[in-house]
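K.L.:
Give me a 3D structure for the following:
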Amino acid sequence: MYQLENGLTVILHQDRTAPLIAIHVEYNVGSKDEKPNRTGFAHLYEHLMFQGSEHLPKGEADRLLSAAGANGNGGTAEDDTVYWEEGPSGALDQILYIESERMGFLLRTIDQGKLDNQREVVLNELRQRYQMVPYGMAFERLMESLWDPEFPYHWLSIGKERDIEAATLEDVREFFVHWYGPNNAVLVVAGDFDAATAKAMVQKWFGGIPARPTPPRTAPEPRPLVAEKRVTMPDRVQLPRVYLAWQSPRAFAAGDAALDVVATLLADGKSARLTGRLEMREQIAQGVSAAQESRELAGAFLVVATPKPGVTLGRLEAEIDEELSRLASEPPSAEELTRAKNKIEAGAVFGLEPLGGFSGRAAALANYYLRTGDPGFLERDLERYRAVTAADVTAAARTYLRKDARVVLEVVPADPAAQGSGEGGEP
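P.N.:
Modelled structure (predicted):
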C-alpha cells in the first residue's frame, strides 16, 4: 500500500495463479454524506460517471473494455461508491486509463442533457426496483421509522423521488467537486501483474489528477428509540410480512460481532432457532431471515418473516419474540456457538475466492482500508468473532433486541380479500 502525491491510496495485491486482473476504485462517499431534501445525489452521480469523459465519449469506455475481453460495473451504497473492472492481465493499462478519466476528466462534460437523461434512468430504477415491486417500499418505511429525519440512514441510497427530480446541474457539480477527488478514494489493483509496471501505470494515469480540498465530515449520532414503534403499510401483496428492526452498533464497534453471531444463530440454516421452529417444525412461515446490518455510522438488526397462508402476523411475531427472549436469558450451547462462528468464518473466507466484482478480494481490501485504515484487517476481523462468548451473545440480545426500542412494520395486503390467496416473495 502507498499513496500518490495527490492523496490517492493505492493497494497492490498480486495473485499470479491465473492471467487475470481486477481493478477496484472506491470513493468514500455514499448516501451517508447527503442531507435531508438533497438525497440520491451519490447514486445519481454514479450513473453520470458512465456517461463519458473529456477523452472518452459516451460508450467508448464500454467498447474498450469489451475489446480487451474485460467487463465492469459500479454501485452506490450508504457508505461508499465503487467502480470495478476485471479481465485479462493485459487489459490493466486500458482499465486504469478508463478509471482515471472518471476521476479526473468528467466534471466539465456533465451538462443538462446528461443530467436529465440519467435523472429519468434513476427514476425508472426507483419505480422498477422499489415502487412497483411487492414489498419494495417496505425497507424505506422501515428506515424512516428507525432513524430520525436528520440521520442519513433515514433514506435509501437511491434517494427520494422529489429530491432526484429537484436536483440541478449546479447541485451535482458541487457534489462531485466535494467528494470525488483522489484524496477521497482508494485504488486496488489485484491479480497477475508486475508491481513495478503497475506502479508506473498508476502514476501515469492518476498522478496528474489534482487533489481536492479534504471534505469536512461530521459524525452524527442517531436519536435512540425510547419506545416500540408500530407501523402498518398496505401494499399490493398476497401475503403479509412482518419486519422487526432495532438500532445496533456500527461496523467493528463493541457488540457488532456478537450480533452477527446472534443473527446466524437465529436464521442461518435449517438448524437455526427461528428457521428450525417457524419453517421446519411448526411450518407456519415460508421464509424468515435475520441480519446485523452494520454500517459506518450505525447498525440495524433486522428480523423479517413471511407467514404461510392462514397464519397471522401476530402469531409469527409472538413466536419470534419467544426465541429472542430465550436467547436473551439463556446462553447458546457450545455446539450452537461453534457452528455459528464457523459459518461466519467460512463465509468470509469463501467470499474472498473471486478476485474482483462487488465483493471479491479487491473490494475487501478497499473496504477494510476505508473502514479501519488497514487493508489487511481480515485476520483481526475474524478474531472478533472467535472471541465472542456465549455470555456475549446473551448480553447482546438482552441489550439491543428489546421490545421497548424497536420498530415493527407489518406489510399487509391492500385488498384484505387477497390475504392468503397465493404465494408471496421471499423475505
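
K.L.:
Outline the domain layout of this structure.
P.N.:
Listed domain ranges for the chain are 2-206, 229-418 (source: automatic domain parsing).

K.L.:
N73 and R339, how far apart?
P.N.:
According to CB to CB, to the nearest Å, N73 stands 35 Å off from R339. (C-beta placed from N, C-alpha, C; glycine too.)

K.L.:
So between those two, which is more surrounded?
P.N.:
Remark: of N73 and R339, R339 carries more neighbours, 18 against 13, as counted by other CB atoms under 10 Å.

K.L.:
Burial check on the residue lying closest to the more buried one once chain neighbours are set aside, number of neighbours?
P.N.:
In this structure, R339 finds its nearest non-sequential neighbour in S271, 7.5 Å apart by CB to CB, 6 or more residues apart in numbering. Per other CB under 10 Å, the neighbour tally for S271 reads 12.

K.L.:
Kindly report the same for the one 3 residues further on.
P.N.:
One way to gauge burial is a neighbour count; for L274, by other CB under 10 Å, it gives 24.

K.L.:
if I look at A190, how far off is M49?
P.N.:
Going from A190 to M49 by CB to CB gives 21 Å.

K.L.:
same check, this time on G181
P.N.:
Using CB to CB, G181 is found at 14 Å from M49.

K.L.:
Looking only at neighbour counts, state which of the two leads.
P.N.:
More crowded of G181 and M49, by other CB under 10 Å: M49, with 25 against 22.

K.L.:
OK, contacts around that one?
P.N.:
G74, Y83, R102, L106 (CB atoms under 8 Å, 6 or more residues apart in numbering).

K.L.:
Wasn't the second one part of a strand?
P.N.:
Yes. Going by DSSP: H, G, I helix; E, B strand; the rest coil, the assignment for Y83 places it inside a strand.

K.L.:
Quick check, pLDDT for it.
P.N.:
Per-residue pLDDT puts Y83 at 97.

K.L.:
As a markdown table, the domains of the chain with distance to R223 would be great.
P.N.:
A markdown table is the format used below for those (distance: least, CB to CB, whole Å):
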| stretch | distance to R223 |
| --- | --- |
| domain 2-206 | 4 |
| domain 229-418 | 9 |
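
K.L.:
Figure out which of the ones you listed is closest to P215.
P.N.:
The closest of the domains of the chain to P215 is domain 2-206. By CB to CB, the value is 5.6 Å.

K.L.:
for the closest one, how far is the first residue from the last?
P.N.:
Start and end residues of domain 2-206 are separated by 13 Å (CA to CA, to the nearest Å).

K.L.:
Over to stretch 200-213?
P.N.:
One end of stretch 200-213 sits 26 Å from the other (CA to CA).

K.L.:
Now do that stretch: everything it contacts.
P.N.:
Contacts to stretch 200-213, defined as CB under 8 Å, 6+ apart, come from residues 4-8, 10, 92-93, 96-97, 99-100, 103-104, 177-178, 180-184, 187, 189.

K.L.:
In this structure, mark out all the strands, start to finish.
P.N.:
With DSSP state E as the criterion, the chain has strands at 2-3, 9-14, 20-27, 71-76, 81-88, 185-191, 229-235, 241-248, 285-294, 299-307, 407-413.

K.L.:
Dump those strands into a markdown table; add distance to S145 as well.
P.N.:
Formatted as a markdown table, the strands of the chain follow (distance: least, CB to CB, whole Å):
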| stretch | distance to S145 |
| --- | --- |
| strand 2-3 | 42 |
| strand 9-14 | 37 |
| strand 20-27 | 29 |
| strand 71-76 | 23 |
| strand 81-88 | 26 |
| strand 185-191 | 34 |
| strand 229-235 | 5 |
| strand 241-248 | 8 |
| strand 285-294 | 15 |
| strand 299-307 | 11 |
| strand 407-413 | 4 |
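
K.L.:
Quick one: closest of these to L115.
P.N.:
The closest of those to L115 is strand 71-76. By CB to CB, the value is 16.3 Å.

K.L.:
So what's the model's average confidence on that closest one?
P.N.:
Mean pLDDT, computed over strand 71-76, is 96.

K.L.:
Listing partners with orientation, what would you give for that strand?
P.N.:
strand 81-88 (antiparallel) (DSSP bridges).

K.L.:
Now tell me what touches the strand it pairs with from outside.
P.N.:
19-27, 29-30, 42, 45-46, 49, 65, 68-76, 91, 95, 98-99, 102, 191, 355-358, 362-363, 366.

K.L.:
Equivalent analysis for stretch 312-321, please.
P.N.:
By CB under 8 Å, 6+ apart, the list of residues contacting stretch 312-321 from outside reads 240-242, 244, 274, 277-278, 282, 284-285, 288, 303, 305, 307, 403, 408, 410, 412.

K.L.:
out of the residues you listed, which are buried?
P.N.:
240-242, 244, 274, 277-278, 284-285, 288, 303, 305, 307, 408, 410, 412 (16 or more other CB atoms under 10 Å).

K.L.:
ok, how many other residues are close to K114?
P.N.:
Close neighbours of K114, defined as other CB under 10 Å, add up to 17.

K.L.:
can you check K58 too?
P.N.:
Neighbour tally, K58, other CB under 10 Å: 13.

K.L.:
Am I right that it is in contact with L48?
P.N.:
No. Counting by CB atoms under 8 Å, L48 is not a contact partner of K58; they are 10.6 Å apart.

K.L.:
For the protein, which residue occupies the most central location?
P.N.:
Centroid check for the chain by CA atoms, centre = their mean gives A77 as the closest residue, at 5.0 Å.

K.L.:
quick one: that one and D148, what's the gap?
P.N.:
As judged by CB to CB, A77 and D148 stand 21 Å apart.

K.L.:
How about L337?
P.N.:
According to CB to CB, L337 stands 35 Å off from D148.

K.L.:
Comparing those two, which shows the higher neighbour count?
P.N.:
The residue with more neighbours, out of L337 and D148, is L337; 19 against 14, by other CB under 10 Å.
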